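Colleague: Fold the following.
(3 chains)
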Amino acid sequence: MRIVLRFLEGLNPQQRAAVTEPAGHVLVLAGAGSGKTRVLTTRIAWLIHTGRAGPQQILAVTFTNKAAREMLDRIGAMLPVNPRIMWIGTFHGLCNRLLRTHFRDAQLPQSFQILDTQDQLAAIKRMVKAAGVDDERCPPRELQMFINGAKEAGLRARDLGADAGDRLWVELYDTYDRQCQRDGAVDFAELLLRSFELLSRNEALRRHYQERFRHLLVDEFQDTNVLQYRWLKLLAGPDCTVFAVGDDDQSIYRFRGAHVGNMADFEREFHIAQVIKLEQNYRSSGHILEAANHLIRNNAQRLGKNLWTAAGQGEQAVLMEAASDGLEAAWIVNEIRDLKAGGTRASEVAILYRSNAQSRILEHALFNAGLPYRVYGGLRFFERAEIKNAMAYLRLAENPHDDVSFSRAVNFPARGIGSRSLEVLQDAARASSKSLFASIGAVAGKAGASLAEFARLIEALRAAASTRSLPELVSAVLAQSGLAAHYARERDGQDRLENLEELVNASLSFVAEQGFDAETPASRTGVDPDTLAPLTAFLAHASLEAGDNQAGQGQDALQLMTVHSAKGLEFEAVFITGLEEGLFPHENSLSEGGGLEEERRLMYVAITRARRRLFLSFAQSRLLHGQTRYGIRSRFVEELPAGSVRWLSPRSSSFALRASRDGSDFGPGDSAVWPPVTRGVEEGFQGFQVGQAVRHPKFGAGIVLRLQGAGSDARAQIRFESAGVKELLLAVAKLERN
DNA sequence: GGAGACTGCGTTTTT
DNA sequence: CGCAGTCTCC
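Modeller: Just a heads-up that it's a prediction; the model follows:
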């Protein structure tokens, strides 16, 4: 009992109520920095320790591998428990586990391969081409979105109504699914849909898992999509308790299918009597929290919640208006120097931006200032081309009939099998409904000889897989495929070669971590037939966990990332940059319903990452897509409480087209006064926006100062470089975007 | 088959 | 502007 008390020590009443809810489903509305992860992990420890559940009766699901790992670590620190016995992981990881265990019922080979986003796109391209469809009419990227969208809504091709316009797409969706089935390949959305279908069709299996899992716990519930919620409902049997934690204000993934409505649906469908709200924030100081609260109140669609802190007000946020993006970066460099001088570690400072394109100029400034930094985002280890190439050979070693990998590996490094030869092979394969590998014999001549040699290589690797350990197999792949030699020869191949060597290390640590015997041949399954072969497990691991972003983790460096990737993290000091209309909120978001509110939540997430210091900035001009764009400050800046923000605004800013002189709202604000902004409607003006650079045949280049009126009376006030300010009717004036 | 020119495009991202 | 993807020519 003493241990129980230790778990619960230091929890506030709401946290304790959530952790110790004895029966019934729970919905926790957990604000940013309110101790959400702690509640989730303590709940699991409490359930097990008080004997309310065995570890095998727990299923906890998160969105990222990182969150799953953290949860496991924290539980492990509280209780001695075998982590394998609990089902803790990502939706995709758990579905993978389910499908590998019940591969026959799911009608899959046990060694089915998982297609990541890139693999899926490649498979779609291949399929579209094979179907003889013009990819102008059916852009593979859009088809990919269509397919994933359908799967995430739980719909197969046959469930989709065949409107004349969509018929082709629906057919291609069906063709794609059949191709995947033939290849034994499963994409990310399929992992979910397939296990959903498995459980919904197979009553015995469903019963089995419903009786086993007495506690389902869901993290980041606001990010679940429709199918994930249905999956949870299916798994939640009569004796099961669902514990969902989420924050509607931090729902920022609607654009990829997240359905915040799941929270309200859950509340209703599971008869939640009382939602537990965690509103005490332990992270940020008063002014920062006040800024976040004030901003988010502008959203109409909220469950409602207000964060408070027992900590003091702290320092006000600082807002900088810079004349250009370069000066914005220079200001940031200065502030960072001050922070460092004041004792803040670089790794405790984050520079956030709305889109990745903004990082370049920041990196440039930091580099020149000699400040070490680390950029998150971009290619991860298992997504790198050279790693994917090596993985393709490994997949062929496991299954030579894998056409995706075959296509990738067959002529890389080049071995004289060009596009013509491949077409012949593909035709032969299609005609006989066999895999590419199985059709090699059908190709005659010189190309046939090259293909036969490739086939011998694959057979040699297969043989190696059955006798040698996984790391030995990886080494053999690098040597025998010619990949190592290829990159050694290439001018800029050194980094790639090092990455390939790192792949051997990755397989070594994988074997050790997963508890495989170091000598086990790569393709040998365990004594227990349910135990995967090291190679199979490694291939799944590579697809499900793309690996870390880049090296240099150990050193103390500034953290640069998009606001999205900052979610879940916290820093002593946070810079939010590029607060300009069109950038943040992003212009593309304005056209979609609810888009602006999502952008605002994004801003909310950004602000709440900061513990002590918050720096906001925007630039009057910014080089974007090769041209200078003049922006006005983000509406989000206006939505911050005056008392919590200190405005810095150098009067000396050299703004070529300063409009403040003629009384418009466009231009540097006054630091002493809260500037009330009169803003015209910004949408529906033939795509023109305030601050946009335009060109007129007679007046030349100018900037849109204001848009007003509507329909045929829609007018733009424009300041031209030479002709001064004019007001033009959009319906009449021949305005071009410049 | 591969280097080099040319075209088009340009949110956010995890699995 | 910078990149990825395609096209062209050797």
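
Colleague: Mean confidence (pLDDT) on the helix or strand containing A:Leu602, please.
Modeller: Following DSSP states H and E, one finds A:Leu602 within helix A:595-607. For helix A:595-607, the mean per-residue pLDDT is 95.

Colleague: That one: which residues count as buried?
Modeller: A:595-607 (16 or more other C-beta atoms under 10 Å). The C-beta positions use only the backbone N, C-alpha and C, and glycine is treated the same way.

Colleague: does DNA strand B sit close to that helix?
Modeller: Yes. Helix A:595-607 lies within reach of DNA strand B by C-beta under 7 Å from any atom of the strand, at A:595, A:599.

Colleague: Point out the other helices and strands that the strand or helix carrying A:Arg97 packs with.
Modeller: Using DSSP H and E, A:Arg97 falls within helix A:91-101. Where contact means 3 or more C-beta pairs under 8 Å, 6 or more residues apart in numbering; DSSP states H and E, helix A:91-101 is packed against strand A:58-62, strand A:87-90, helix A:188-201, helix A:226-235, helix A:534-544.

Colleague: Export the ones you listed as JSON lines, with columns for mean pLDDT.
Modeller: As requested, the helices and strands packed on helix A:91-101 are arranged in JSON lines below (pLDDT from 0 to 100):
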{"stretch": "strand A:58-62", "mean pLDDT": "96"}
{"stretch": "strand A:87-90", "mean pLDDT": "95"}
{"stretch": "helix A:188-201", "mean pLDDT": "96"}
{"stretch": "helix A:226-235", "mean pLDDT": "96"}
{"stretch": "helix A:534-544", "mean pLDDT": "94"}
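
Colleague: Can you say which of those is packed in most?
Modeller: strand A:58-62 (a mean of 25; mean count of other C-beta atoms under 10 Å).

Colleague: Give me the angle between that strand and helix A:91-101.
Modeller: 130 degrees (axes from the mean of the first three to the mean of the last three C-alpha atoms, to 10 degrees).

Colleague: partners of strand A:58-62, with directions?
Modeller: Strand pairing for strand A:58-62, determined by DSSP bridges: strand A:87-90 (parallel), strand A:215-218 (parallel).

Colleague: Compute the number of surrounding residues for A:Lys698.
Modeller: 9 (other C-beta atoms under 10 Å).

Colleague: State the distance from it to A:Ile718.
Modeller: 12 Å (C-beta to C-beta, to the nearest Å).

Colleague: And A:Ala479, by the same measure?
Modeller: For A:Ala479 relative to A:Ile718 (C-beta to C-beta), the value is 65 Å.

Colleague: Of the two, which one has the most company?
Modeller: A:Ile718 (26 against 11).

Colleague: Confirm the more buried one sits in a strand?
Modeller: Yes. With DSSP: H, G, I helix; E, B strand; the rest coil as the criterion, A:Ile718 is part of a strand.

Colleague: So what pairs up with it in the strands?
Modeller: Bridge pairing for A:Ile718 - DSSP bridges - gives A:Val704, A:Lys726.

Colleague: nearest residue to A:Ser565 other than its sequence neighbours?
Modeller: A:Tyr376 (5.2 Å; C-beta to C-beta, 6 or more residues apart in numbering).

Colleague: surely the one you found meets A:Ala557?
Modeller: No. Taking contacts as C-beta atoms under 8 Å, A:Tyr376 lies outside contact range of A:Ala557: 10.9 Å.

Colleague: Which strand or helix spans A:Leu47?
Modeller: For A:Leu47, the secondary-structure element it belongs to, assigned by DSSP H and E, is helix A:36-49.

Colleague: That helix to strand A:58-62, inter-axis angle?
Modeller: Using the same axes, to 10 degrees: helix A:36-49 against strand A:58-62 is 170 degrees.

Colleague: close to DNA strand B, is stretch A:583-594?
Modeller: Yes. Using C-beta under 7 Å from any atom of the strand, stretch A:583-594 reaches DNA strand B at A:586, A:588-589, A:592.

Colleague: residues contacting A:Met603?
Modeller: Going by C-beta atoms under 8 Å, 6 or more residues apart in numbering, A:Met603 touches A:295, A:563, A:576, A:584, A:636.
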